[in-house]
Structure formats: C-alpha cells, structure tokens
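[1] Take this sequence and fold it.
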Amino acid sequence: MAGNDWINSYLEAILDVGPNLDDAKASLLLRERGRFSPTRYFVEEVITGFDETDLHRSWVKAQATRSPQERNTRLENMCWRIWNLARQKKQLEGQLAQRKAKRRLERERGRREATADMSEDLSEGEKGDIVSEVSAHGENNKGRLPRINSVDAMETWASQQKGKKLYIVLIRHELSSSALVFLSWMSDNHALSTLCSSISSICLHGLIRGENMELGRDSDTGGQVKYVVELARALGSMPGVYRVDLLTRQVASPEVDWSYGEPTEMLTPRNSEDFMDDMGESSGAYIVRIPFGPKDKYIPKELLWPHIPEFVDGALSHIIQMSNVLGEQIGSGRPIWPVAIHGHYADAGDSAALLSGALNVPMLFTGHSLGRDKLEQLLKQGRLSKDEINTTYKIMRRIEAEELSLDASEIVITSTRQEIDEQWRLYDGFDPVLERKLRARIRRNVSCYGRFMPRMVVIPPGMEFHHIVPQDGDMDGEIEGNEEHPSSPDPPIWSEIMRFFTNPRKPMILALARPDPKKNITTLVKAFGECRPLRELANLTLIMGNREGIDEMSSTNASVLLSVLKLIDKYDLYGQVAYPKHHKQSEVADIYRLAAKTKGVFINPAFIEPFGLTLIEAAAHGLPIVATKNGGPVDIHRVLDNGLLVDPHDQQSIADALLKLVADKQLWARCRQNGLKNIHLFSWPEHYSEGTADRNSKLENAVLSWSRGVLKDQRKAGSRDRVEHSSSAGKFPALRRRKHIFVIAVDSDSNEDLLDAIRKIFEAVEKERIEGSIGFILSTFMTISEIHSFLVSGGLNANDFDAFICNSGSDLFYSTINPEDGPFVIDFYYHSHIEYRWGGEGLRKTLVRWAGSITDKKAGNEEHVVTSAEQLSTNYCYAFEIKNAGMVPPVKELRKSLRIQALRCNVIYCRNGTRINVIPVLASRSQALRYLFVRWGIDLSKMVVFVGDSGDTDYEGLLGGVHKSVILKGICSNTSNQLLANRNYPLSDVMPVDSPNILQTSQDCTSSDVRDSLQNILKS
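    Numbering: from 1, shown residues only. Now for the predicted structure:
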C-alpha cells in the first residue's frame, strides 16, 4: 500500500459517509475546495469517464465487511484496480493522440496532392475555363442528362417544370426541415403554383404509427418517431405537395402491437377541415410498411444491416409503382418520377445511396448521431475494446454507410454547427478546408478534376405548435377557463406522477429520456440528492419510457434504472422523486403542462445531444431549460435564450443551474417568456417562410453544386419514350419474357473453374434453358473482349446469355442475333446512369501516382508492384494489375486515400487480389441488376444469383436483396486472407445468414446438387 496511502484515505472517507449526506458530514471531495485535492484528482483524472459500477459494488462490500483484515484486503485489491484504470486511461489518451496525429497527416497529405493537381491549370482557370458542357471523363454532355450546378441553373430548371408533377423521395431516420426549404425555394420560383409534388420519407427502424406512439419503448423508438410523423403531416398539408409516403419496416410479430403489421396507414391532417377538400384520389400523408428482415421478429437497428438491400429492393418497387399510379392520376399518363432522395441516419443513408444510384436522382443526407463520434466517445471510456464496440454496435458498418452517404450526397443537412465542426470533420469524405477550395473553383467555373465535397448546411428541425396551449396559473390556484379554452379536469397522468410526492406543490424538475447511459440520468439524480437546498425547494420527475418489469428490459436500460433506484435509496429521496412506469404519447404534453404549472424546470443532461427536440417541446409549453453544453442545445439556447447550459460531467454545475432557476422567480419568468416569444422560429411554417425569404443566402450555398440530373421528368419521359420506340428496344426482348433470370457471378481464380460452374448450372436447368423460360446473365470483373475470348475458348456462344455485366458493373452489354451489330450491343444509357461523380482524368492521374508509390523495396531496382492496365481499362473502369498481392495495401486504405482527396469511386480488388478495378461510386454488379429492373421491368424476386464461397471485394453486395442467392460450395474457396481483410467489418454484419433467400449447395457440388437446390425456385 506504500505510495497509495492517499487513495486508501480517500476510500476510507467514502466508506465513512453514510446514505444520508448532510452539510455537517459532506463528502471529502466537497470539503476540499480551493486547494489541491488528491481525492479530486482521483475522481476527475482517474475515474471520470469510466464505468464505476464495479468499483461501487466493491465499496459496498467493503463497507459491509466487519473483519478489519478482510476489509483492508478488499481495499488493497481496489487500489490495484484503480492503478490499472489510471494506466489504461493513459494508454487510451496516447492512442487518441496517435489517431489524431495520423488523421491530421493523412488529411494534410491528401489536401496537398489535391491542391497540386488542381493548381496545374489555375492560370487558365482564372481566365474562365468552361466545364459545364464536358463530363468528368472528357465527353460532351450535350444530349445527355444536364447537370445543375448553380441557383441560376435551378431557376431555369424550375421555370421549365411549370405545369409538371414532381416526386421527391426523402429517406430518413430523423426528418428535418430541409424538405420544406426545398419546396419553399420551388414556391419562390413560382413552380409550386402549378406543381404537385409527391414525397416519400423513410425511417428504417423503430416502431412507427400515427397515433399513440410508444416513445421510449426502446432505444430505436425515441423522439424521432414523433418527429417523423409530424413532419409527414406537415409536408402533406403544404401547397403543391400531393402525396407523402412515410416508408418504414413492416413488423408482424406477437411481441408488438398488430398495427405495426398493417401495410398502409393514413395520417389524418391536423387541420383536416381545411385540407380534405383539396385531396385527390391518392393524396395525403401515409405510413407505408415494407416487409424486410425477419418476418416475425422485431429486431434492433444494429441487426438490420444485413437486410438493407432487401429494403432497397422493396422501396424501389414501391417508388416505381407509385410513380406510375400518380402518373395516371395527375401526370397525364407519364410517371411522376422522383427528383430527390433524402436519407437520415446511417442505415437510411446507405439505403438512399443505393436508391439514388438505381434511380439516378440527387441525394441529400442528414446523419444526426454519427458513428465516428460515438466510436471516439466509447474508446475514451475504456470499457470496451474496438472489437467489442463493433460487435455490440456494428459501428464499422455504420461508419462505412456514413462515408458512402458522403460519397453520394449533394447536400448534407446538419442540425447544428457543432455537428460540422466536431463530428463530420472526423470522416475521410469531408474536409472543410478542401471543401472551401472546391466551392471557390465551382463559383469561378473552374474544373475540380473530378473532385467533389458535399455541401454542409445547418437547418434545425421544426415542430407543430398550433395545438399547444402554454400552461397558465400555478398549483395554488386553478386556471381560469374561457370560451376558447375552457377549464377541464386534471389529466390522469398528473395524479399518477403526484402520488410519488410528499409535497406535490413544489416546483418540478422534469427529465424525459430513456434509461440509457448516454442520457446521464444517474448524474442528475446524484446532483439532486447531494444538494440539500435543491431537495428542499423542488421535486424530481423522471419519465424513463414505458416498462413492465425490470427483468424484461434490456440489460443496459435495466442497469441504468437499477442505479437510479439505488441512488434514490442512498440519498433517501422517497417522496421527492417520481418515476412512473407508464405514460401514453398523448400524455407527454400534459406532463410538460404539469411541470409548468408548478413553475418547474426541464433538464436534458445528456453527455452529447445531437439536437434536443424535447427542449423545444418544453419551451413551447413555457418551461425554462437546463441542458448539456455538448451538441444541439447550444444552438437552441442561442435562439431561445430560455435557460442555462451546463457541463454534463459536472454534477455541481447541474445542481447549481437547477437551483438558480427554481429559486430565482424573476429569472424563471424571464426564461419562460423568452422561450414562448421565440419558439415560433422552430415551427414548420417558419422554416417554410424563412426558406422563401432567405433563398439567395441559405439556398444558394445549399444547392450551388447540385450537379446531378434533376431534369428527371423530362429525361425519364424522353428516355422511356426512346426506349420503347427506338429500334434498340426490339433487340432485347428476351430479358423481359423470361420467367426467371439466372445471374452467374462466380469469381474464380481461373477461367476453367468459371467454365465448370457455368456448365453445371446449364446442365441443372437444361430443360428450362431450351424452353426459354430461364435466361442467363454473366456478371464478372472481365472486360467484354475478355468475355468474348472466354466464351470462344470454352465452346460457349454469346447467345447463351441475355446480358453481360462487365468490368465489375461499369459496363452492360446484351447479346444479339443481328450480324450487323456483332455478338454484343452496349447499353449506352447505362453509362449516363452511372457516370455520376466519375473522376475521369483527374482520378486516373491520382491512381497512376498511387500505383507508382507501391514498390518492392526488397528488389534491387524497387520493382513496381501495381501497374496500369491500359488494355483492360475503359471510359468508366480504370484497371490495374498486381504482381504481388501481399505487398498491396487493403482496398479500404486505397478507398480512404481517394476519399481524403475528394475523389468518389468504387474500388474493387478482383481475381484473388491480382487486379484492381476502379469504377464510378454508385456502379456495381448488384446495382446493375437494379438498373435492369428500372429499365426493363425485370422482377428482382425472379432473379437467382450464383456465387462461390468467396469472391471479389464486392462479393457481399451480391448476397442481399429480394433475389435468391445460391452459394456454390467449393468454388473460390481459396481466396487469400488478405483479400478478405479488406473489409472493415465481418461478413456476418452484411450477409443475412438466416435469410430464406440464401441457399447453399453441398461441397464440390454437381449439376444434380444445383438442381436440388433450385427445386423450390423452379416450382414458383
């Protein structure tokens, strides 16, 4: 114990403090203010940020020990554990510093390389290089999809859309006012006067219904559920919006209410008496539930990742079907095609990126809670290793989804400036310095050499306030009724809360949050329990969701609730703290009103709060607020000025702020009045009018680089007309008349293995192949010339296949029997579909420079390991050959390097790591199948995709979705471990292993084994 006496003394002092703290016998920490305190150092520098649950249990056991010898032994063991914690914390701080330094060096190197590339033509660019008519790969854009890159261009486009119908798709976890801002811009350009828009909103996880929402039921069903429903209603009531679809998961499980299994639910507008007259046949706001994932289970969002492709396929089918329906009703027979897709949260962002690529429409993204920030916070706590964090939260899959969202998004909407400055800058795909440089070049109409950085725009969420009546009066007198708002009996939830209190007339401190560690409820209870003046002046109400029994809660939530109950017992807070088990969503407003009636305070003490919607709700009901200084509450407080901000780690700061508001009635009244006066700034109508009035400032920045093809109405109508009436439409009828489509996507090390797999599949369905009920597509990394040589050498004919997906998904060919066209006909329309953000020559130069940096230093002449394969490259695929796969960095490192330089592309290691294909960011073999559905109407559920045990680094994308996947065991089973290590997360995080859509043959299967695996498919 030598050298640790101060720790032992501190522990002894804590053990001497009983459950009833008072001013005469306060904790040692509180008595040592104003000078150095080893105990303060222990708490603030050693323990703070770590899980103290085990230490607290040890203290309790030591306190209960009567034997001095055993007591000392326990304390000595605790001291060793504390020493280990201190060492662990120093290690974590060192690792954090190393990560920051590495990130800074990578960012600076990427910034230098990007700036050097772009500075080559600076003098010419300043003379006014015109790049608007030239695509990134050097081809003229005239006659193709025009790209919009300024407000002027958007105004021109809006004027062209007068009298036409728009369909806007917003995929979101949480919804912001950005859709309203977009529509306000349309209104300001007089487009909405003759436009009818259809909007789709998507929330992938949680339980969503229009009425009696179960907020707080679990971590996935929080305030965003109410938010998403209110926004759908608000959008559905806007002029020019014809239909709003809120897409979510259909859950038909006995553990949840039957209403979540209903396919469709109409959301009744709040002002229905003014709105119903204007409704059309399919207009209004609806919840549309799409089945994906386990059909009879309600699962948390962390387990939904493998099922995202299935949702994308279902959403794609719904959007196309609804586009056709609306086209018949209001579009003169032409589909009302989407003009934008908006994704919120990582899972919805991933879905939005895939849908954006499949439909070739612009994407917007709102991240809200971000994975990299959460990972940093969890690593700082030191409770879990990185592998344990990933196992629990699937955090690496989430981060990759957010990086992909940055790759695909035109605009990223954030709720606060802090989200940009402290969270988004952690990502490879966003650099604020490089973003400003690229934006300046775009304004000067100077080429960015294929580089792009999404625009970050701060737009806070909104709410509906018209139904809220602020509470007047107090507990000493009843509210006087009037004709407009007559007095009514007290709501039942009031008595449910007040039964906990000895003196229910004291001001109520209200906290409304799930029992989640990040919500910091235990610190709030400690602050309340250790501040005697606060306990004497106020009561504490904790609304911690709905629960039945503690044993039925998740382990994390149960642990927090048990900690709260123990603290109530420790500080003897009986009669002063309320924690009701149940409340209805419709009663939340009554809870706010009760707190306001008692002249209470609302508090949000979360460690980090992305926005803080409950703070806005509380302010709307006349409650002053105390909130964390980390995150969105800073921006809310700046606007409302209705309370105090605190450090969530500082227990005393929380107690002081609450005491100040409760004790100072003038301050309380001033904060209440400020909140009520300014709350309209967070309303949906205010966002709409603000967007109209401030178009030239906010929106010009937001949509300056809107470079996607938003002339979708014109292009879709024109393109589909061309497809139907051009001669090319008659050349490819086979795909559309097949009953099933078999996609052979086997990635083998040799042509012989691939040829053997093709023959087995052909033999397995020989009868159906001859009849023509089954068509075949070959999907591979090879070029079309390599495919032709392969077919000839293997004795196969091009007409054995209906289509060929080449170069890892960057080219699409069809077979033809017309000798004038040769054996293959290319789909040029597919190129215009995937060319989005293709870096062209700028990307190629960067890749060549990277390839030159990979050398075998052991060789005398430092031989190049990676070489450019010009003969294998095409306009949309840059190929490189690898001589020694063991010396090449993983694909994730190359992708990271390109993202840091603002180059957006899809990097694929092929043929067991001996080749690299770099293709457009939203191109892939799996996306090519969705393109065939969009263009030719080929039913994805009638497709069967054949793969091996493993494959190229895009292997995982072939296994999900509504199509069937057949894994041919024994084929491509010797893929190197290094190639498999290219993934940041295990395959199980993205492969739905329990999906009925995935079938496996026996090892080294024969054609009979393949036939047996296909029996159920062929019968359907």
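[2] The stretch 201-350 of the chain: strands as residue ranges?
    241-249, 264-267, 284-290, 338-344 (DSSP state E, counting those that start in this stretch).
[3] what's the single longest helix in the protein?
    helix 68-118 (DSSP state H).
[4] Now do the same for that one: mean pLDDT, whole number.
    Mean per-residue pLDDT for helix 68-118: 77.
[5] what packs against that helix?
    Here helix 68-118 touches helix 5-16, helix 53-64, helix 371-381, helix 432-443, helix 840-853, helix 891-900, going by 3 or more Cβ pairs under 8 Å, 6 or more residues apart in numbering; DSSP states H and E. Using the backbone N, CA and C atoms, a C-beta is placed for each residue, glycine as well.
[6] again, only using 6 Å
    helix 53-64 (3 or more Cβ pairs under 6 Å, 6 or more residues apart in numbering; DSSP states H and E).
[7] pLDDT on the helix it packs on, on average?
    On average, helix 53-64 scores 59.
[8] ok, now stretch 752-768?
    93.
[9] Which residues does it contact?
    Identification of contacts with stretch 752-768 by Cβ atoms under 6 Å, 6 or more residues apart in numbering yields Ile744, Val746, Ser748, Ile774, Gly794, Leu968, Ile971, Ser1007, Val1010, Arg1011.
[10] Mind listing residues that contact stretch 739-748?
    Contacts of stretch 739-748 (Cβ under 6 Å, 6+ apart): 754, 757-758, 773-779, 942-948, 951-952, 958, 971-972.
[11] Now a ChimeraX select for only the buried ones of the residues you listed.
    Only the buried entries of the contacts of stretch 739-748 go into this ChimeraX selection, using 16 or more other Cβ atoms under 10 Å:
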select :754,757,758,774,775,776,777,778,779,942,943,944,945,946,947,948,951,952,958,971,972
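[12] Take the contacts of stretch 739-748 and keep only those in helices.
    Among the contacts of stretch 739-748, the members falling in helices (DSSP H) are Leu754, Ala757, Ile758.
[13] Among these, which one sits closest to Ile509?
    Using Cβ to Cβ, Ala757 comes nearest to Ile509 of the ones in helices among the contacts of stretch 739-748, at 67.5 Å.
[14] Apart from its neighbours in sequence, what residue is nearest the closest one?
    Val746 (4.6 Å; Cβ to Cβ, 6 or more residues apart in numbering).
[15] For the spatially most central residue of the chain, give its distance to Arg397.
    Nearest to the mean C-alpha position of the chain, by Cα atoms, centre = their mean, lies Ala346 at 1.4 Å. In this view, Ala346 and Arg397 are 8 Å apart by Cβ to Cβ, to the nearest Å.
[16] thinking Ile938 is in contact with Leu929, fair?
    No: using Cβ atoms under 6 Å, Ile938 is not in contact with Leu929, being 8.1 Å away.
[17] how near is Lys566 to Leu542?
    Taken as Cβ to Cβ, the span from Lys566 to Leu542 is 14 Å.
[18] what's the answer for Leu204, then?
    Applying Cβ to Cβ to Leu204 and Leu542 gives a distance of 29 Å.
[19] Report the secondary structure element holding the residue nearest to Ala757.
    Using DSSP states H and E, Val746 is not contained in any helix or strand.
[20] quick one on the thing from earlier: out of the strands of the stretch 201-350 of the chain, which comes closest to Trp494?
    strand 264-267 (28.7 Å).
[21] who does that closest one pair up with?
    Strand pairing for strand 264-267, using DSSP bridges, gives strand 284-290 (antiparallel).
[22] Now the strand it pairs with - C-alpha only, PDB.
    Written as PDB, here are the backbone C-alpha positions of strand 284-290 (Å, rounded to 0.1, in the frame of the first residue of the first chain):
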ATOM      1  CA  GLY A 284     -52.400  12.900 -48.300                       C
ATOM      2  CA  ALA A 285     -49.800  11.500 -45.900                       C
ATOM      3  CA  TYR A 286     -49.400   7.800 -45.400                       C
ATOM      4  CA  ILE A 287     -47.300   5.300 -43.500                       C
ATOM      5  CA  VAL A 288     -46.300   2.600 -45.900                       C
ATOM      6  CA  ARG A 289     -44.800  -0.500 -44.300                       C
ATOM      7  CA  ILE A 290     -42.400  -2.500 -46.400                       C
END
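[23] That strand vs strand 241-249, what angle?
    20 degrees (axes from the mean of the first three to the mean of the last three Cα atoms, to 10 degrees).
[24] contact partners of strand 284-290?
    232-233, 236, 244-248, 250, 263-267, 314.
[25] ok, the residues you listed vs Leu735, which is closest?
    Nearest to Leu735 among the contacts of strand 284-290, with distances taken as Cβ to Cβ, is Gly314, at 21.5 Å.
[26] Lys599 belongs to a strand?
    No: counting by DSSP: H, G, I helix; E, B strand; the rest coil, Lys599 is not found in a strand; it is coil.
[27] 45 is where my numbering starts, stick with that
    OK, 45 is where the count begins now, so the last one is Lys643.
[28] Got the confidence number for it?
    pLDDT, read off for Lys643, is 93.
[29] Leaving aside the residues adjacent along the chain, what's closest to it?
    Lys643 sits nearest to Pro551 (Cβ to Cβ, 6+ apart), 5.0 Å away.
[30] Kindly report the same for Arg893.
    Nearest non-adjacent residue to Arg893 (Cβ to Cβ, 6+ apart): Glu157, at 7.7 Å.
[31] what residue ranges in the stretch 295-444 of the chain score low on pLDDT?
    314-324 (pLDDT under 70).
[32] residue boundaries of the helices in the stretch 495-644 of the chain?
    With DSSP state H, counting those that start in this stretch as the criterion, the stretch 495-644 of the chain has helices at 536-542, 565-573, 576-581, 599-614, 632-641.
[33] which of those has the lowest average pLDDT?
    Ranked by mean pLDDT, those bottom out at helix 599-614, with a mean of 89.
[34] angle of it against helix 565-573?
    Going by the same axes, to 10 degrees, helix 599-614 makes 10 degrees with helix 565-573.
[35] Tell me the secondary structure at Lys1013.
    From three-state DSSP, the assignment for Lys1013 is coil.
[36] As a check, name the ranges of all helices in the stretch 845-994 of the chain.
    872-878, 884-897, 935-944, 969-980.
[37] Indicate which one of the ones you listed is closest to Leu482.
    helix 884-897 (11.8 Å).
[38] In that closest one, which residues are buried?
    Quick answer for helix 884-897 (16+ other Cβ under 10 Å): Gly884, Gly886, Leu887, Arg888, Thr890, Leu891, Trp894, Ala895.
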